[in-house]
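Enquirer: curious how this folds, go ahead:
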Amino acid sequence: MSKPRRGAKLRALYAGGHPTEKAKAIHRRFIHGPLPRVLPIAAVLQVRGRNSGKVIELPLAIIRIHGAWYLASMLEGTSNWVENVRAANGQARLLHGRWRDVSLVEVPTSERAPILKRYLVFAWSARAHFSINWRAPIEDFERIAPLHPVFRVDPQ
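Expert: Residues are numbered from 1 along each chain as shown. Model prediction:
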């Protein structure tokens, strides 16, 4: 019997589009560890839950392109954090080196392709969740752009 591939293991952490208990444990270690303060692509997003009203924290990869910072959803469709950001009108806190209040502005679908392509260059674990290879031509990213919400990070 062959060993499961890394991509299959990563996808299994988000069965049904939601993090499993194992993924949540990984998130907790990441959030409370040193990486979001020192790793250039590591960030922690704090956003108010749209139903609970509680502050929710989750680790995300943050990338810089053309002088701006962006957060992208690795999962197709709408994930909880995306819905929470939309419900909060983009108001959030971000740990990227240090904590700061930010406004997250959703990027129009027509502008997402180059951001998603760059995102996959750096967010290695996210590659398993995309239906295309990170080396695919920009036209392929244009095709999947509606499936992956992207937000520009603006300071408040």
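
Enquirer: could you measure from the nearest residue to residue 18 once chain neighbours are set aside over to residue 98?
Expert: Excluding the flanking residues, the one nearest residue 18 by Cβ to Cβ, 6 or more residues apart in numbering is residue 80, at 7.2 Å. Just so you know, the C-beta spots here come from the backbone N, C-alpha and C atoms, and that holds for glycine as well. Counting by Cβ to Cβ, to the nearest Å, the gap between residue 80 and residue 98 amounts to 25 Å.

Enquirer: those two: who's more crowded?
Expert: Per other Cβ atoms under 10 Å, whichever of residue 80 and residue 98 has more neighbours is residue 80, with 18 against 8.

Enquirer: correct me, but that one touches residue 14?
Expert: No. Assessed by Cβ atoms under 8 Å, residue 80 is found out of contact with residue 14, at 11.0 Å.

Enquirer: what touches both of the two?
Expert: Common neighbours of residue 80 and residue 14 are not found (criterion: Cβ atoms under 8 Å, 6 or more residues apart in numbering).

Enquirer: show residues contacting stretch 31-38.
Expert: So stretch 31-38 is contacted by 30, 42, 43, 44, 57, 58, 59, 95, 96, 97, 98 (Cβ under 8 Å, 6+ apart).

Enquirer: and which of the residues you listed is nearest residue 113?
Expert: residue 43 (21.7 Å; Cβ to Cβ).

Enquirer: that older thread, and the residue nearest to residue 18, how far from residue 108?
Expert: The spacing between residue 80 and residue 108, counted by Cβ to Cβ, is 22 Å.

Enquirer: per-residue pLDDT of residue 4, please?
Expert: Predicted confidence (pLDDT) for residue 4: 55.
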